[in-house]
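Q: pasting the structure only:
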Ligand SMILES: Nc1nc2c(ncn2[C@@H]2O[C@H](COP(=O)(O)OP(=O)(O)OP(=O)(O)O)[C@@H](O)[C@H]2O)c(=O)[nH]1
Ligand SMILES: [Zn+2]
(Lines give C-alpha, C1' and ligand atoms only; values in the text may rest on other atoms or scores of the structure.)
(Ligands and ions follow the chains in the order given, each with its own letter.)
Protein backbone atom coordinates (compact mmCIF):
# COMPACT_ATOMS: atom_id res chain seq x y z
CA UNK A 1 0.00 0.00 0.00
CA UNK A 2 1.35 3.42 -0.89
CA UNK A 3 2.15 6.04 1.71
CA UNK A 4 -1.02 8.06 2.15
CA UNK A 5 0.62 10.31 4.71
CA UNK A 6 3.15 11.61 2.20
CA UNK A 7 0.36 12.40 -0.28
CA UNK A 8 -1.65 14.22 2.37
CA UNK A 9 1.41 16.20 3.39
CA UNK A 10 2.01 17.10 -0.23
CA UNK A 11 -1.53 18.51 -0.58
CA UNK A 12 -1.09 20.46 2.64
CA UNK A 13 2.26 21.86 1.50
CA UNK A 14 0.79 22.92 -1.83
CA UNK A 15 -2.05 24.78 -0.13
CA UNK A 16 0.52 26.58 2.03
CA UNK A 17 2.66 27.53 -0.94
CA UNK A 18 5.55 25.23 -0.10
CA UNK A 19 7.43 23.28 -2.75
CA UNK A 20 6.76 19.56 -3.19
CA UNK A 21 8.93 16.97 -4.87
CA UNK A 22 7.20 14.19 -6.80
CA UNK A 23 9.45 11.17 -7.18
CA UNK A 24 9.41 8.09 -9.35
CA UNK A 25 12.51 5.97 -8.87
CA UNK A 26 15.42 8.32 -9.47
CA UNK A 27 13.37 10.87 -11.39
CA UNK A 28 12.21 13.90 -9.42
CA UNK A 29 10.17 16.96 -10.23
CA UNK A 30 9.78 19.75 -7.69
CA UNK A 31 6.77 21.99 -8.00
CA UNK A 32 5.69 25.29 -6.45
CA UNK A 33 2.01 26.14 -7.03
CA UNK A 34 1.74 29.59 -8.58
CA UNK A 35 -1.57 30.35 -6.84
CA UNK A 36 -0.19 30.03 -3.31
CA UNK A 37 3.28 31.38 -3.95
CA UNK A 38 4.50 34.97 -4.16
CA UNK A 39 7.54 36.90 -5.37
CA UNK A 40 9.64 36.03 -2.33
CA UNK A 41 8.86 32.33 -2.51
CA UNK A 42 9.58 32.29 -6.20
CA UNK A 43 12.93 33.99 -5.59
CA UNK A 44 13.80 31.33 -2.98
CA UNK A 45 12.62 28.54 -5.25
CA UNK A 46 14.34 29.78 -8.36
CA UNK A 47 17.13 32.25 -7.62
CA UNK A 48 18.75 31.64 -11.00
CA UNK A 49 15.57 32.23 -13.01
CA UNK A 50 15.83 28.93 -14.83
CA UNK A 51 12.81 27.08 -13.48
CA UNK A 52 10.02 26.27 -15.91
CA UNK A 53 6.32 27.12 -15.72
CA UNK A 54 4.02 24.11 -15.92
CA UNK A 55 0.46 24.40 -17.21
CA UNK A 56 -2.12 21.93 -18.51
CA UNK A 57 -2.75 21.18 -22.16
CA UNK A 58 -6.19 22.84 -21.97
CA UNK A 59 -4.76 26.05 -20.55
CA UNK A 60 -1.97 26.01 -23.15
CA UNK A 61 -4.53 25.64 -25.92
CA UNK A 62 -6.43 28.65 -24.54
CA UNK A 63 -3.19 30.64 -24.56
CA UNK A 64 -2.44 29.39 -28.08
CA UNK A 65 0.81 27.87 -26.95
CA UNK A 66 0.14 24.38 -28.21
CA UNK A 67 1.43 24.79 -31.72
CA UNK A 68 4.89 25.52 -30.39
CA UNK A 69 5.07 22.28 -28.44
CA UNK A 70 7.28 19.37 -29.20
CA UNK A 71 5.07 16.81 -27.49
CA UNK A 72 2.95 14.80 -29.87
CA UNK A 73 0.18 13.99 -27.41
CA UNK A 74 -2.51 16.65 -27.17
CA UNK A 75 -3.16 16.13 -23.45
CA UNK A 76 0.46 16.29 -22.37
CA UNK A 77 1.40 18.93 -19.78
CA UNK A 78 3.12 22.00 -21.22
CA UNK A 79 6.36 23.54 -19.93
CA UNK A 80 7.27 27.15 -20.58
CA UNK A 81 10.76 28.50 -20.09
CA UNK A 82 11.17 31.44 -17.73
CA UNK A 83 12.84 34.41 -19.29
CA UNK A 84 14.04 37.65 -17.74
CA UNK A 85 10.60 39.22 -18.03
CA UNK A 86 8.63 36.12 -16.93
CA UNK A 87 8.40 36.91 -13.21
CA UNK A 88 5.79 36.07 -10.63
CA UNK A 89 3.11 38.43 -11.98
CA UNK A 90 3.48 37.18 -15.53
CA UNK A 91 3.31 33.57 -14.34
CA UNK A 92 0.09 34.40 -12.50
CA UNK A 93 -1.35 35.64 -15.80
CA UNK A 94 -0.48 32.27 -17.32
CA UNK A 95 -2.12 30.47 -14.40
CA UNK A 96 -5.30 32.46 -13.87
CA UNK A 97 -7.68 33.01 -16.80
CA UNK A 98 -9.65 35.80 -15.14
CA UNK A 99 -7.42 38.40 -16.80
CA UNK A 100 -7.27 36.77 -20.23
CA UNK A 101 -9.62 39.23 -21.89
CA UNK A 102 -8.29 42.31 -20.12
CA UNK A 103 -4.54 41.95 -20.41
CA UNK A 104 -2.97 41.06 -23.68
CA UNK A 105 -0.40 38.44 -22.66
CA UNK A 106 3.22 39.38 -22.76
CA UNK A 107 5.29 37.13 -24.87
CA UNK A 108 6.55 35.43 -26.83
CA UNK A 109 6.38 32.40 -24.56
CA UNK A 110 8.75 29.60 -25.31
CA UNK A 111 7.19 26.15 -24.81
CA UNK A 112 9.94 23.61 -24.23
CA UNK A 113 9.98 19.82 -23.88
CA UNK A 114 8.33 19.05 -20.53
CA UNK A 115 10.71 17.22 -18.21
CA UNK A 116 9.18 14.04 -16.72
CA UNK A 117 5.73 14.46 -18.32
CA UNK A 118 4.24 11.69 -16.14
CA UNK A 119 5.37 13.44 -12.96
CA UNK A 120 4.05 16.72 -14.36
CA UNK A 121 0.68 15.06 -15.02
CA UNK A 122 0.60 13.91 -11.39
CA UNK A 123 1.35 17.49 -10.30
CA UNK A 124 -1.62 18.80 -12.27
CA UNK A 125 -3.85 16.14 -10.74
CA UNK A 126 -2.70 17.08 -7.24
CA UNK A 127 -3.64 20.70 -7.99
CA UNK A 128 -7.20 19.58 -8.64
CA UNK A 129 -7.32 17.56 -5.42
CA UNK A 130 -5.91 20.57 -3.53
CA UNK A 131 -8.47 22.87 -5.19
CA UNK A 132 -5.72 25.05 -6.69
CA UNK A 133 -5.15 26.43 -10.16
CA UNK A 134 -3.26 23.78 -12.17
CA UNK A 135 -0.12 25.85 -12.75
CA UNK A 136 3.32 25.57 -11.17
CA UNK A 137 6.90 26.67 -11.22
CA UNK A 138 9.05 23.57 -11.49
CA UNK A 139 12.63 22.34 -11.41
CA UNK A 140 14.38 19.07 -10.66
CA UNK A 141 16.15 19.74 -7.32
CA UNK A 142 14.55 17.96 -4.36
CA UNK A 143 12.56 19.87 -1.72
CA UNK A 144 11.79 18.93 1.92
CA UNK A 145 8.34 17.52 1.18
CA UNK A 146 8.64 14.44 -1.02
CA UNK A 147 5.89 12.18 -2.31
CA UNK A 148 6.17 9.10 -4.47
CA UNK A 149 4.20 9.35 -7.68
CA UNK A 150 2.29 6.14 -6.85
CA UNK A 151 1.15 7.55 -3.49
CA UNK A 152 0.14 10.86 -5.07
CA UNK A 153 -1.84 9.09 -7.77
CA UNK A 154 -3.64 7.02 -5.13
CA UNK A 155 -4.79 9.91 -2.98
CA UNK A 156 -8.41 9.85 -4.03
CA UNK A 157 -8.74 6.17 -4.83
CA UNK A 158 -12.17 5.00 -3.67
CA UNK A 159 -11.12 1.53 -2.48
CA UNK A 160 -10.40 2.61 1.06
CA UNK A 161 -13.69 4.38 1.62
CA UNK A 162 -15.43 3.10 4.76
CA UNK A 163 -18.74 3.66 6.51
CA UNK A 164 -17.96 5.89 9.49
CA UNK A 165 -21.36 6.50 11.06
CA UNK A 166 -25.08 6.17 10.44
CA UNK A 167 -28.18 7.59 12.08
CA UNK A 168 -31.88 8.22 11.55
CA UNK A 169 -32.47 11.54 9.79
CA UNK A 170 -36.05 12.61 9.18
CA UNK A 171 -35.96 15.40 6.58
CA UNK A 172 -38.50 17.99 5.48
CA UNK A 173 -39.67 16.02 2.46
CA UNK A 174 -39.63 12.52 3.95
CA UNK A 175 -39.57 11.44 7.55
CA UNK A 176 -38.41 7.88 7.00
CA UNK A 177 -34.77 8.44 6.17
CA UNK A 178 -31.37 7.40 7.43
CA UNK A 179 -28.05 9.10 6.81
CA UNK A 180 -24.86 7.11 6.31
CA UNK A 181 -21.53 8.94 6.43
CA UNK A 182 -18.45 7.61 4.65
CA UNK A 183 -14.84 8.60 5.14
CA UNK A 184 -12.10 8.50 2.54
CA UNK A 185 -9.00 8.00 4.70
CA UNK A 186 -6.46 9.60 2.35
CA UNK A 187 -8.26 12.64 1.01
CA UNK A 188 -10.33 13.14 4.18
CA UNK A 189 -13.46 13.61 2.05
CA UNK A 190 -16.72 12.89 3.86
CA UNK A 191 -19.33 11.56 1.43
CA UNK A 192 -22.87 10.76 2.56
CA UNK A 193 -25.82 8.68 1.47
CA UNK A 194 -29.41 9.40 2.41
CA UNK A 195 -31.39 6.16 2.54
CA UNK A 196 -35.05 6.90 1.94
CA UNK A 197 -37.98 4.59 2.70
CA UNK A 198 -37.66 0.87 3.42
CA UNK A 199 -35.92 -1.71 1.21
CA UNK A 200 -38.55 -3.92 -0.44
CA UNK A 201 -36.39 -6.32 -2.42
CA UNK A 202 -36.53 -4.26 -5.63
CA UNK A 203 -33.59 -2.33 -7.12
CA UNK A 204 -33.44 1.04 -5.31
CA UNK A 205 -34.01 4.29 -7.18
CA UNK A 206 -30.68 6.10 -6.83
CA UNK A 207 -29.63 9.68 -7.47
CA UNK A 208 -25.91 10.53 -7.65
CA UNK A 209 -25.74 14.14 -6.58
CA UNK A 210 -22.47 16.03 -6.69
CA UNK A 211 -22.10 18.74 -4.08
CA UNK A 212 -23.08 22.21 -5.25
CA UNK A 213 -22.85 24.65 -2.36
CA UNK A 214 -24.31 27.48 -4.42
CA UNK A 215 -27.28 25.46 -5.63
CA UNK A 216 -27.87 23.20 -2.62
CA UNK A 217 -27.57 25.85 0.09
CA UNK A 218 -28.16 29.27 -1.50
CA UNK A 219 -30.68 28.19 -4.11
CA UNK A 220 -28.55 29.44 -7.01
CA UNK A 221 -30.47 29.80 -10.24
CA UNK A 222 -27.35 29.29 -12.38
CA UNK A 223 -27.66 25.51 -12.31
CA UNK A 224 -30.33 22.88 -11.70
CA UNK A 225 -28.71 21.16 -8.70
CA UNK A 226 -30.97 22.30 -5.86
CA UNK A 227 -34.28 21.55 -7.60
CA UNK A 228 -32.85 18.24 -8.88
CA UNK A 229 -31.89 17.24 -5.36
CA UNK A 230 -35.29 18.03 -3.91
CA UNK A 231 -37.17 16.43 -6.80
CA UNK A 232 -35.02 13.32 -6.39
CA UNK A 233 -35.95 13.02 -2.72
CA UNK A 234 -39.62 13.31 -3.67
CA UNK A 235 -39.35 10.77 -6.48
CA UNK A 236 -37.51 8.27 -4.35
CA UNK A 237 -40.06 8.65 -1.56
CA UNK A 238 -42.85 8.12 -4.08
CA UNK A 239 -41.09 5.04 -5.48
CA UNK A 240 -41.03 3.49 -2.01
CA UNK A 241 -37.34 3.37 -1.40
CA UNK A 242 -33.99 4.50 -2.70
CA UNK A 243 -30.77 6.38 -2.05
CA UNK A 244 -29.36 9.87 -2.55
CA UNK A 245 -25.62 9.42 -2.94
CA UNK A 246 -24.25 12.85 -2.03
CA UNK A 247 -20.73 13.15 -3.39
CA UNK A 248 -18.38 15.84 -2.13
CA UNK A 249 -17.26 16.61 -5.65
CA UNK A 250 -18.03 20.30 -5.77
CA UNK A 251 -17.91 21.88 -9.21
CA UNK A 252 -17.74 18.53 -11.02
CA UNK A 253 -14.62 17.76 -9.02
CA UNK A 254 -12.61 20.99 -9.36
CA UNK A 255 -13.53 22.36 -5.92
CA UNK A 256 -15.52 25.37 -4.77
CA UNK A 257 -12.97 28.10 -5.43
CA UNK A 258 -12.21 26.86 -8.92
CA UNK A 259 -15.95 26.62 -9.62
CA UNK A 260 -16.30 30.26 -8.59
CA UNK A 261 -13.51 31.05 -11.04
CA UNK A 262 -15.45 29.16 -13.71
CA UNK A 263 -18.51 31.25 -12.84
CA UNK A 264 -16.48 34.45 -13.21
CA UNK A 265 -15.47 33.26 -16.69
CA UNK A 266 -19.12 32.53 -17.43
CA UNK A 267 -19.83 36.18 -16.54
CA UNK A 268 -17.38 37.02 -19.34
CA UNK A 269 -19.42 34.93 -21.78
CA UNK A 270 -17.76 31.51 -21.73
CA UNK A 271 -19.99 28.47 -21.25
CA UNK A 272 -19.53 25.87 -18.51
CA UNK A 273 -17.38 23.63 -20.73
CA UNK A 274 -15.03 26.33 -22.02
CA UNK A 275 -14.71 27.86 -18.55
CA UNK A 276 -13.31 24.58 -17.16
CA UNK A 277 -10.95 24.21 -20.10
CA UNK A 278 -9.67 27.78 -19.82
CA UNK A 279 -8.88 27.09 -16.18
CA UNK A 280 -6.91 24.03 -17.23
CA UNK A 281 -9.26 21.34 -15.93
CA UNK A 282 -11.14 18.47 -17.52
CA UNK A 283 -14.74 19.33 -18.36
CA UNK A 284 -15.85 16.75 -15.79
CA UNK A 285 -13.22 15.79 -13.21
CA UNK A 286 -15.45 13.54 -11.10
CA UNK A 287 -14.62 9.96 -10.20
CA UNK A 288 -17.84 7.95 -10.01
CA UNK A 289 -16.01 4.90 -8.66
CA UNK A 290 -16.55 6.57 -5.27
CA UNK A 291 -20.31 6.29 -5.77
CA UNK A 292 -19.93 2.67 -6.87
CA UNK A 293 -17.96 1.91 -3.74
CA UNK A 294 -20.58 3.58 -1.54
CA UNK A 295 -23.39 1.59 -3.15
CA UNK A 296 -21.38 -1.61 -2.74
CA UNK A 297 -20.79 -0.86 0.95
CA UNK A 298 -24.54 -0.36 1.27
CA UNK A 299 -25.10 -3.75 -0.36
CA UNK A 300 -26.82 -2.26 -3.44
CA UNK A 301 -25.15 -3.31 -6.67
CA UNK A 302 -28.28 -3.35 -8.77
CA UNK A 303 -30.00 0.01 -9.05
CA UNK A 304 -32.26 2.28 -11.08
CA UNK A 305 -30.48 5.55 -11.72
CA UNK A 306 -32.12 8.98 -11.84
CA UNK A 307 -30.03 10.96 -14.31
CA UNK A 308 -29.83 12.60 -17.71
CA UNK A 309 -26.09 11.98 -17.90
CA UNK A 310 -25.21 8.77 -19.77
CA UNK A 311 -21.64 9.08 -18.53
CA UNK A 312 -22.83 8.37 -14.97
CA UNK A 313 -24.46 5.14 -16.17
CA UNK A 314 -21.30 4.05 -18.01
CA UNK A 315 -19.00 4.95 -15.13
CA UNK A 316 -21.09 3.00 -12.60
CA UNK A 317 -21.32 0.01 -14.93
CA UNK A 318 -17.54 0.06 -15.41
CA UNK A 319 -17.19 -0.01 -11.62
CA UNK A 320 -19.38 -3.10 -11.26
CA UNK A 321 -22.81 -1.60 -10.59
CA UNK A 322 -25.71 -3.02 -12.58
CA UNK A 323 -27.82 -0.07 -13.72
CA UNK A 324 -31.05 -1.85 -14.56
CA UNK A 325 -32.74 1.34 -15.72
CA UNK A 326 -31.94 5.00 -16.38
CA UNK A 327 -34.78 7.19 -15.16
CA UNK A 328 -34.73 10.71 -16.72
CA UNK A 329 -34.48 13.58 -14.23
CA UNK A 330 -35.55 16.69 -16.14
CA UNK A 331 -36.69 19.90 -14.54
CA UNK A 332 -37.97 23.06 -16.19
CA UNK A 333 -35.25 25.65 -16.97
CA UNK A 334 -35.22 29.18 -15.56
CA UNK A 335 -33.86 32.26 -17.39
CA UNK A 336 -30.52 31.96 -15.58
CA UNK A 337 -29.78 28.29 -16.20
CA UNK A 338 -31.25 27.85 -19.69
CA UNK A 339 -27.85 28.27 -21.36
CA UNK A 340 -26.18 25.95 -18.85
CA UNK A 341 -28.75 23.24 -19.57
CA UNK A 342 -28.43 23.77 -23.32
CA UNK A 343 -24.66 23.41 -23.03
CA UNK A 344 -25.09 20.13 -21.12
CA UNK A 345 -27.37 18.89 -23.88
CA UNK A 346 -25.22 20.10 -26.80
CA UNK A 347 -21.70 19.60 -25.49
CA UNK A 348 -21.63 16.97 -22.74
CA UNK A 349 -24.12 14.44 -24.05
CA UNK A 350 -26.89 15.01 -21.51
CA UNK A 351 -30.23 13.64 -22.63
CA UNK A 352 -32.32 16.73 -22.04
N1 LIG B 1 -17.13 23.34 -12.92
C2 LIG B 1 -18.43 23.62 -12.89
N3 LIG B 1 -19.23 22.86 -12.13
C4 LIG B 1 -20.54 23.13 -12.15
C5 LIG B 1 -21.09 24.20 -12.87
N6 LIG B 1 -22.43 24.22 -12.65
C7 LIG B 1 -22.69 23.20 -11.82
N8 LIG B 1 -21.56 22.55 -11.51
C9 LIG B 1 -21.36 21.36 -10.69
O10 LIG B 1 -21.92 20.27 -11.39
C11 LIG B 1 -22.28 19.27 -10.47
C12 LIG B 1 -23.71 18.88 -10.71
O13 LIG B 1 -23.80 17.89 -11.59
P14 LIG B 1 -24.96 16.79 -11.37
O15 LIG B 1 -26.25 17.43 -10.95
O16 LIG B 1 -24.41 15.63 -10.62
O17 LIG B 1 -25.20 16.30 -12.73
P18 LIG B 1 -24.99 16.12 -14.19
O19 LIG B 1 -23.65 15.60 -14.56
O20 LIG B 1 -25.39 17.38 -14.86
O21 LIG B 1 -26.02 14.96 -14.54
P22 LIG B 1 -27.52 14.74 -14.12
O23 LIG B 1 -27.49 13.47 -13.32
O24 LIG B 1 -28.22 14.53 -15.42
O25 LIG B 1 -28.03 15.92 -13.37
C26 LIG B 1 -22.11 19.86 -9.10
O27 LIG B 1 -20.89 19.41 -8.53
C28 LIG B 1 -22.04 21.35 -9.37
O29 LIG B 1 -21.28 22.05 -8.41
C30 LIG B 1 -20.21 24.99 -13.65
O31 LIG B 1 -20.59 25.91 -14.37
N32 LIG B 1 -18.89 24.66 -13.62
ZN1 LIG C 1 -25.25 23.47 -9.07
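A: Here it is on my side, so go on. Everything quoted here is computed from the prediction, not taken from an experiment. Ligands and ions are numbered 1, 2, ... in the order given.
Q: all contacts plus neighbour counts: C-alpha atoms, from now on.
A: Fine.
Q: who in the stretch 201-350 of the chain is up against ligand 2?
A: 212, 215, 223, 225 (C-alpha under 5 Å from the ion).
Q: Apply 6 Å and report the result again.
A: Contact residues (C-alpha under 6 Å from the ion) of the stretch 201-350 of the chain with ligand 2: 212, 215, 223-225.
Q: Neighbour-wise, which one of these leads?
A: Sorting these by how many neighbours each has (other C-alpha atoms under 10 Å) puts residue 212 first, at 25 neighbours.
Q: Distance check, that residue against ligand 1.
A: Look at residue 212 and ligand 1: by C-alpha to the nearest ligand atom, to the nearest Å, they are 4 Å apart.
Q: what's the nearest residue to that residue if we skip its chain neighbours?
A: Closest residue in space to residue 212, ignoring its immediate chain neighbours: residue 250 at 5.4 Å, by C-alpha to C-alpha, 6 or more residues apart in numbering.
Q: Would you confirm that the one you found contacts residue 211?
A: Yes - at 4.7 Å, residue 250 counts as touching residue 211 under the criterion of C-alpha atoms under 8 Å.
Q: what's the pLDDT at the residue in the stretch 1-150 of the chain that ligand 2 sits nearest to?
A: Proximity of the stretch 1-150 of the chain to ligand 2 (C-alpha to the ion) peaks at residue 131, 17.2 Å away. At residue 131, the predicted lDDT confidence score is 96.
Q: tell me the contacts of it?
A: Applying C-alpha atoms under 8 Å, 6 or more residues apart in numbering to residue 131 gives the contacts 254-258.
Q: Most neighbours among those residues, which one is it?
A: Most neighbours among the contacts of residue 131, by other C-alpha under 10 Å: residue 254, with 26 neighbours.
Q: what about that residue, distance to residue 244?
A: Distance of residue 254 to residue 244, given as C-alpha to C-alpha, to the nearest Å: 21 Å.
Q: re earlier: could you identify the pair within the contacts of residue 131 that is furthest apart?
A: Pairwise distances across the contacts of residue 131 (C-alpha to C-alpha) peak at 8.1 Å, for the pair 254 and 257.
Q: Helix, strand, or coil at residue 106?
A: Classification of residue 106 using DSSP: H, G, I helix; E, B strand; the rest coil returns coil.
Q: Next, count neighbours for it.
A: 11.
Q: Which residues are in contact with it?
A: By C-alpha under 8 Å, 6+ apart, the neighbours of residue 106 are residue 90.
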